[in-house]
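# My questions are about this predicted structure, shown below with the sequence.
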Amino acid sequence: MPKNPNVKRVLVIGSGPIVIGQAAEFDYAGTQACRSLKEEGMEVILVNSNPATIMTDGDIADKVYIEPLTAKVLEQIILKEKPDSLLPNMGGQAGLNLGMELDESGFLSAHGVTLLGTTAKTIRKAEDRLEFKETMEKIGEPCAPSLVVENIEDGVAFAREIGYPVVLRPAYTLGGSGGGIAHNQAELEEILANGLRLSRVGQVLVERCIAGWKEIEYEVMRDSAGNCITVCNMENIDPVGVHTGDSIVVAPSQTLGDKEYQMLRSSALNIINELEITGGCNVQFALHPESFEYCVIEVNPRVSRSSALASKATGYPIAKVAAKIALGYTLDEIKNAITGKTYASFEPTLDYCVVKIPRLPFDKFITAKRTLTTQMKATGEVMSIANNFEGALMKAIRSLEQHVDCLRSYDFSALSAEELLERMRIVDDQRIYIIAEAIRKGVDYDTIHEITMVDRWFIDKIAILTEMEAALEKGPLTVELLKEAKRMEFPDNVIARLTGKMEEEIRQMRYENGIVAAFKMVDTCAAEFEASTPYYYSVFGSETEVVETHPKKKVLVLGSGPIRIGQGIEFDYCSVHATWAFAREGYETIIINNNPETVSTDFDIADKLYFEPLTPEDVENIVNVEKPDGAVVQFGGQTAIKLTESLMKMGVPILGTKAEDVDAAEDRELFDKILEETQIPRAAGGTVYTAEEAKEVANRLGYPVLVRPSYVLGGQGMQIAISDTEIEEFMAVINRYEQDHPILVDKYLQGKELEVDAVCDGTDILIPGIMEHIERTGVHSGDSISVYPAPTVSEKVKEIIAEYSRRLAKALHVIGLINIQFIAMGDEVYVIEVNPRSSRTVPYISKVTGIPIVDLATEVIIGKKIRDLGYEPGLQPAADYFAVKMPVFSFEKIRGAEISLGPEMKSTGECLGIAKTFNEALYKAFLGAGVNLPRHKQMIITVKDADKGEAIEVARRFEKLGYIIYATRSTAAALNEAGVKARKVNKIHQESPTVMDLILGHKIDLVIDTPTQGRDKSRDGFLIRRTSIETGVNCITAMDTATALVTSLENAASQGELGLVDIAGIARRGTG
Amino acid sequence: MKRYPSYDTIGGGQKTPPTLYCGVNITGEMGSMKSFLILEDGTVFEGSHIGAQKEIVSEIVFNTSMAGYLEVLTDPSYAGQAVCMTYPLIGNYGICLEDMESKRPWPDGFIVRELSRIPSNFRCNISIQQFLEEHGVPGIAGIDTRALTRILREKGTMNGMITTDENYDLEQIIPRLKAYTTGKVVERVSCVRKYTVAATGALSESGAGLRVALLDLGMKRNIAKSLAARGCEVTVYPAKTAAAEILGDKPDGIMLSNGPGDPKECTAMIEEIRKLYESDTPIFAICLGHQLMALATGADTFKMKYGHRGGNHPVKDLATGRVYISSQNHGYVVDMDKLDEKVATPAFINVNDGTNEGLSYTGKNIFTVQFHPEACPGPQDSGFLFDRFIEMMRA
């Protein structure tokens, strides 16, 4: 069937801010879909509140709206842009829900907009628990016995009938939010209450527990003619019970025979046919490990995290094909872009093994529970490819960048076999290391299998790795043994540690014996057809397939690895844009990255893609084959920066800012010298290694002080300390891992925080704009609300900032990007830190100023001058609208995580509000972040003494808006004294009703809780904040944020229709 | 000439700890035994010996299925060939004897990247290593199977030798390899006397009361099972059975099975099939059966460069435009350019390369397919063709 001629203008909905369970994979899918639609001559109108995405670029869609993702905003966009079609299944659950809402309300049909791809009927059948169950029953596909309940009583009754444990799954939520396993009535009541609240339709499925069964997924495609294929299947190493996003996953399935494989494949096709899905779909199964009994767990009628993984694992571009299917094409009409010879109507076959490991945020949230459940906690993931499972697992482990490189990286050798078995019952991110240690201690496979339900085949593979460790330790290290260790992807440094040699000796021995990495191609067809797409992975002991190229110039772009808090999708944005800019300049581009969720690892972004860990050794393997003319590290976040020294040792020139200048910015002594030379003030401070030294410096400076490691991103480990005790505590946390660089202790200054991203060509600097943070210093810049143009600073301060930026860029010989953070106290400006590289705010500031910063930085790196590029150096004139970047958190997903804001970054994503006035922009930003107030007009205030003054003002304004204010004893007293009516509420340990009862009563809009200085030791405050988050109550922990919110709400009351801003229009104006 | 040195074996004379993983599923002494795969173009792969202790010469082909190695091994169509699995990890779920597609494995040799050290499946009876040994099938593991596949893709299917003789002499071996042909293999793999498979009705009773004559040209068991599961009573005949005998039993329909080798070698069978064609009995044929029916009615077949072997080939039903993913195993194909449309027209084509995948016979109750609707291994998407055959018999 050819393309539907009625489709000309397509509205695509993105997935909004990055949160746990809905991350970068939707930027990848959305970008691919938009490009695919444009390829077909469609006009694409895109809406997504997330400014950090590639999909919201002017060159991806014709019209780009970075607006809050609400039905009302979408209606306005539809009225303005008059699309004929809406593609809802690229924006994850958020996009799908919105599409459904517009369809159900009749708005789409009233305005002649057709839902493309899967129909609303299909979505309901797949997503509504009851309809889904009935549909499955109709076609004879088994589901676990289950019941949809809308209240707790029904849930309790049904659980009694089917027996505990039971699984709870709220309808229409993402990442399994609010779900869990209940082992008894008390747990059931707790989880169910939460789930009912989180579900869009107030429904939760109570289901027989099939924990311990094999979890298998199929990615399926279907076109409107009914042709179906499966792209790939995947097996979770962690059996049912752990969310697939938190499981270690392998593709294809390893322990299924053809009978099981085809049984589930046929079932998946059966389901997709019955649901009449057109596009991509993910079907999850639970398979009994000792029979053919299976259950359908879930169907996602859209692209998903799993489909991104399947795309990268096979080379089959699911989102691209799904977009074409939505336009009416059938699978046999769509070319397989990898082979160029075959069509989309075939099933990829792999001749390698893929392993995905989730990137869990427990290094950020050290107080959080590490246990893994049906509620997803991972912020990102890594994928690796090898022709053996052991190798793929080893590669994936070291791709995580969490101080792990082998199965000994967490040391459990002190535990006895019995203790290990006990510990093994806890399902967490360290279980695989526990299993390895148990094997070392001689525990048999059956015992491990019975406890973990991990298949014996995987246990044996872990055993093989431990046997290799032992063989290396025992020695002697023969060439044969080394070959075998490398085949299993033991990195040189691990082999060195185990054999007691130096890494360089191992490397030497490898080269002398020709043990070098070879590169194989991901070609979708196991070499059956010739493929020309240069998508490679490394193996040892094979012939290499890389086609040698000798272009004019060859550049290596280093990616940023897994998405984690502090290093997110923004860096992928930068890497991709840099790659495109180099390509435009005639360079051959090579990307190395290991993140399956990103645009950069799409096979058609760079000329060559290497899906590999980002360690010096892995990069060197590629350098040996490609011999690039240079590498850029400034776009790939800290991951890439960390490789600078190694690249130089390999003889690869670093393009742009030199490594020694990057060092100068990070090294305290060198940096202080530069500040002295350039006469720029900064907070006093010192460098230390031990807690003793830290205390000495802190006492010299006077508390409070800021403590942080150098060379980190996202303020990892950064804390404000107010006492010697806290210094000891924080230093202990930082020194959990060996520090290559000293720890910084600075006097903490509380002032206005300002930030610039700029491009410098060695002589001139281009500053697109100054961003001002709403929260005063002390809150990490990534967690602050950031406003462009800076609304409250004087012209003088702006001039000083522009001047300091120029001096710093010049002194650091910056060629390319630089990010600088300042504190302004009155008209005094201090520099906080300088990063001669891309930053989190680059995509945001590029979009709102229309100045393509990464493109310019790349041109400058190549040798052009800012003036030649059509820009006048210096601070650019401010735009005539305001843009507010709002951080978005995923605290509800991480049980036990401290939510109060501080110097260490905690947000997972961001959204943007852009408007003619600051107030409207702020309102949009809050709306985009999901803060949709007022609802009940009741709030709780409990603040530390220092904040009482500001709290009074804020409370007064809330009161004026009609809010009923509850406050704890001392706050209430302060408010009442100042004439703000506040009802006193008891503390947690006092008699009921307490502040907790109030929060759990579901009648509270907002909690303002500012923790006492430093880290809040009070269990009360922590509990209040956690309960608020877990009950879905907005919780604010900084007075500045509270002020901003009340300003926004005051404005909302008078806010009529929101004004819409087309970002693509700004971009064109910017370059024009 | 290229030499691919051994990689995975830990050997070279020195003893390694017996528990140490060797890239292949072998313990003790055998772990250090080298094996060589020699291709007729002089390429030599060095790997580890697996399976039975035997030297073989055969036609080397590759199969791209990711699961279903036992079904591949027991598919009689592989008689006269040695199979290389492109998926690198083989033997993971061991051998479930009830999944065998015939009474024994047929390939002359088995070529893998890595054999699993342990089998893991609740139905597993023995390990693949035991299975190969018991049935006298030698093999080689630890070679770069992707490199081998690329050679076969570029140069076409080749003959080769698997040997453990380290002192092989290429000058003496290569002429032997070049001279090898699979020859008349159908007789070897077909059953000796006719037998009946009772209806099971496991799937439906749509075929209840229908009697099907199934000509065993190297049949996979699931062809008979697929009919029996729909309620048909199936009589299986040896390949050399005369048409008169089959027709004399007055079946409601005739089914021609898959099978090995060059279809043109089956001259006697072609003649008999011509007689079946001329009877008015409904006929459904798969793979070799499909090719023989084409040859019997004046069409031609040719040998493909490297054939179709795997579970991911898309075939298009030309009548409906629908595409199905199919299980395939064939090195020869019907030449569509030489079809006489008065006799037969294409019913299915391969979406990838446009080759013929099925024929519909003009004015006859006959349809034939090149692919495998019985699956095992591979997708079950085209199983409905058995239903179509039943409808034909009912008509």
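Cool, the structure landed. Numbering: from 1, shown residues only, chains lettered A, B, ... in the order given.
# going forward, measure contacts and count neighbours with C-alpha atoms only.
Fine.
# Which other helices and strands does the helix or strand that contains A:Arg1025 contact?
Using DSSP states H and E, A:Arg1025 falls within helix A:1019-1030. Packing partners of helix A:1019-1030 (3 or more CA pairs under 8 Å, 6 or more residues apart in numbering or on different chains; DSSP states H and E): helix A:995-1000, strand A:1006-1009, strand A:1034-1036.
# which outside residues touch that helix?
Residues from elsewhere that reach helix A:1019-1030 (CA atoms under 8 Å, 6 or more residues apart in numbering or on different chains): A:194, A:891-892, A:896-900, A:987-988, A:995-996, A:999-1000, A:1007, A:1009, A:1011, A:1016, A:1034-1035.
# what ranges of chain B fall below the confidence cut-off?
B:1-32 (pLDDT under 70).
# Pick out the residue nearest the middle of it.
Computing the C-alpha centroid of chain B and ranking residues by CA atoms, centre = their mean puts B:Ser77 first, at 3.6 Å.
# if we can go back for a sec, deepest-packed of the helices and strands packed on helix A:1019-1030, please.
strand A:1006-1009 (a mean of 24; mean count of other CA atoms under 10 Å in any protein chain shown).
# Sheet-wise, list the partners of it with their directions.
Applying DSSP bridges to the sheet, strand A:1006-1009 is found paired with strand A:938-942 (parallel), strand A:1034-1036 (parallel).
# now it: how far from the chain's centre is it?
Here the centre of strand A:1006-1009 is set off from its chain's centre by 26 Å, with CA atoms, centre = their mean, to the nearest Å.
# Please enumerate residues in contact with that strand?
Contacts for strand A:1006-1009 (CA under 8 Å, 6+ apart): A:938-943, A:1021, A:1025, A:1028, A:1033-1039, A:1042.
# any idea how the chain splits into domains?
By default, I'm working from chain A. For chain A, automatic domain parsing gives the domain ranges A:9-120, A:355-515, A:519-655, A:933-1037.
# could you do chain B instead?
B:3-179, B:186-394.
# Including distance to A:Pro68, could those domains go into a markdown table?
Converted to a markdown table, these look like this (distance: least, CA to CA, whole Å):
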| stretch | distance to A:Pro68 |
| --- | --- |
| domain B:3-179 | 45 |
| domain B:186-394 | 41 |
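# Any idea which of those domains gets closest to A:Gly656?
domain B:3-179 (39.7 Å; CA to CA).
# Just give me how far the closest one sits from the chain centre.
Remark: domain B:3-179 is offset 16 Å from the chain centroid, using CA atoms, centre = their mean.
# Show the pLDDT at A:Phe1022.
In this model, A:Phe1022 is scored at 86, pLDDT.
# That one: how many residues sit nearby?
Number of residues near A:Phe1022 (other CA atoms under 10 Å in any protein chain shown) recorded here: 19.
# From B:Pro105, how far out is it?
The gap separating A:Phe1022 from B:Pro105 is 66 Å, by CA to CA, to the nearest Å.
# got it, and A:His936?
For A:His936, the distance to B:Pro105 - CA to CA - is 73 Å.
# helix, strand or coil for A:Glu892?
helix (DSSP: H, G, I helix; E, B strand; the rest coil).
# contacting residues for it?
Counting by CA under 8 Å, 6+ apart, A:Glu892 makes contact with A:Ile1029, A:Glu1030, A:Gly1032.
# ok, 6 Å please
Residues near A:Glu892 by CA atoms under 6 Å, 6 or more residues apart in numbering or on different chains: A:Ile1029, A:Glu1030.
# So A:Ile818 is in contact with A:Val756, correct?
No - assessed by CA atoms under 6 Å, A:Ile818 is found out of contact with A:Val756, at 8.1 Å.
# Touching, the residue nearest to the centre of chain B and B:Gly259? I think so.
Yes - between B:Ser77 and B:Gly259 there is a contact at 4.5 Å, judged by CA under 6 Å.
# Just confirm A:Ile818 is within a strand.
Yes - under three-state DSSP, A:Ile818 falls within a strand.
# For it, list each beta-bridge partner.
Under the criterion used (DSSP bridges), A:Ile818 bridges to A:Ala758.
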